[in-house]
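[1] here is the input, now give the coordinates:
(one chain, ligands or ions: 2)
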Amino acid sequence: MPETRSWTSASPEQTAQIAIALAAWIPERTVIQLTGNLGAGKTTLTKSLVEAWGAAGADEVSSPTFTLIHEYGEPVTVYHIDLYRIETPAEFYSLGLDEIFDSPARVLIEWGEKFAPFLPENRWLIRIEHAGGDARTITASRP
Ligand SMILES: Nc1ncnc2c1ncn2[C@@H]1O[C@H](COP(=O)(O)OP(=O)(O)OP(=O)(O)O)[C@@H](O)[C@H]1O
Ligand SMILES: [Mg+2]
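    Ligands and ions are numbered 1, 2, ... in the order given. The predicted structure follows:
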């Protein structure tokens, strides 16, 4: 059954707390589309998710804006992907994400909505929206 949970965050620290609750809810082998405007907090949330899953410390997580794909954990348990700079389906396919999608990992994808038709249908969605100042609404839905 589809299920949705939402939170309101007043600060980056609260977003980190929400990430701990979210992390406990998201099983292994999950592809997660992270949707939200520039600066909404997709990377900020990812840092705490990666830490909560025990794959790396939050300080070791940086935005894959230029590197496109980061891997955390040994063996790899989390991939963090940013499609902001990817423009064409050919570029998307050259990333070889199908292999990543089939791996026993959690996969977080910023700007995934740009290539939604090419993402696994059974993916989760986390939406982060500005709600004035430092406030954010965070909505997570599973298929
Ligand atoms: N409640 C909040 N939750 C998360 N981040 C917040 C919050 N309030 C302020 N911020 C700040 O907003 C910024 C979010 O930046 P971040 O890089 O996480 O966004 P992003 O969604 O990944 O952007 P981009 O699309 O450019 O990759 C950070 O500077 C963070 O400290
Ligand atoms: Mg980001």
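[2] can you pull out the helices in the protein?
    For the chain, applying DSSP state H gives helices covering 12-25, 42-52, 89-94, 97-101.
[3] show me how far the last one is from its chain's centre.
    Here the centre of helix 97-101 is set off from its chain's centre by 15 Å, with CA atoms, centre = their mean, to the nearest Å.
[4] returning to what we had before: what's the most buried one of the helices of the chain?
    Comparing the helices of the chain by mean neighbour count (mean count of other CB atoms under 10 Å), helix 42-52 comes out on top with a mean of 22. The C-beta positions use only the backbone N, C-alpha and C, and glycine is treated the same way.
[5] which residues touch that one?
    12, 15-16, 18-20, 22-24, 26, 34-36, 56-63, 72, 78, 80, 106, 108, 110, 126, 128, 138 (CB atoms under 8 Å, 6 or more residues apart in numbering).
[6] confidence score at whichever residue of the chain sits closest to ligand 2?
    Residue nearest to ligand 2 within the chain: residue 43 (3.4 Å; CB to the ion). With respect to pLDDT, residue 43 scores 98.
[7] ok, it to ligand 1 distance?
    Going from residue 43 to ligand 1 by CB to the nearest ligand atom, to the nearest Å gives 3 Å.
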